[in-house]
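> Whatever this is, show me its structure:
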Amino acid sequence: MRLLLARTLGDLEDTRALAREVLSLLPLGARVALQGPLGAGKTTFVRFLAEALGFRGRVTSPSYTLIHTYPTPEGPLVHADLYRLQDPKALLPQLFAAQEEARLLLVEWGDPETLEASFLLRLIPQGEARRAELWQVGPGQEEGV
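Residues are numbered from 1 along each chain as shown. Just a heads-up that it's a prediction; the model follows:
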């Protein structure tokens, strides 16, 4: 694993700025696991990422529908949530099919190894703030870095 960036998020504007910065680091078709406890801001981060991609609609948690797809000028943003699933692997074929034409696939509560993700975004509460860390975890990462 290689740490690509770490930021402290004190408010929503910090999260919006993080989304723009992270977007510049994610290649077309990137698969990103999102980790953090309930209320850490995973869906809020996805909302700002969708906004940075040009989506102007409402972004909501896919906790019950499992997968939401948001059209953007750069290609669809696919947002999934595996929280309620006993066996997240059962949804992988559907996720990977949805990703084929997507600009990004973001998966809340996903294990990077199971998802074969290239990136991991961790949101870690620290009092009133949050620490955000973007890790490169998959193919393309340099050994020993």
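
> rest of the way, CA atoms for contacts and neighbours
Will do.

> wait, what's in contact with the residue nearest the centre of the chain?
For the chain, Leu106 is the residue whose C-alpha lies nearest the centre (CA atoms, centre = their mean; 3.6 Å). Contacts were defined as CA atoms under 8 Å, 6 or more residues apart in numbering; by that measure Leu106 touches 31-34, 46, 77-80.

> Number of residues surrounding Glu51?
18 (other CA atoms under 10 Å).

> ok, now Ala40?
As a measure of burial, Ala40 has 19 neighbours, counting by other CA under 10 Å.

> what sits against it?
When contacts are counted by CA under 8 Å, 6+ apart, Ala40 touches 123-125, 130.

> which ones among these are found in strands?
Using DSSP state E, the members of the contacts of Ala40 that fall within strands are 123-125, 130.

> TSV for those, including distance to Ala6, pLDDT and neighbour count?
What follows is the ones in strands among the contacts of Ala40, written out as TSV (distance: CA to CA, whole Å; pLDDT from 0 to 100; neighbours: other CA atoms under 10 Å):
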residue	distance to Ala6	pLDDT	neighbour count
Leu123	10	97	24
Ile124	11	96	18
Pro125	13	94	17
Arg130	11	95	21
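
> could you dump these to JSON lines with distance to Gly57?
Putting the ones in strands among the contacts of Ala40 into JSON lines (distance: CA to CA, whole Å) gives the following:
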{"residue": "Leu123", "distance to Gly57": "24"}
{"residue": "Ile124", "distance to Gly57": "27"}
{"residue": "Pro125", "distance to Gly57": "27"}
{"residue": "Arg130", "distance to Gly57": "26"}
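
> and of the residues you listed, the nearest to Pro73?
Ranking the ones in strands among the contacts of Ala40 by separation from Pro73, with CA to CA as the measure, puts Leu123 on top at 27.0 Å.

> thought the closest one was touching Ala132?
Yes. Counting by CA atoms under 8 Å, Leu123 sits close enough to Ala132 to count as a contact (4.7 Å).
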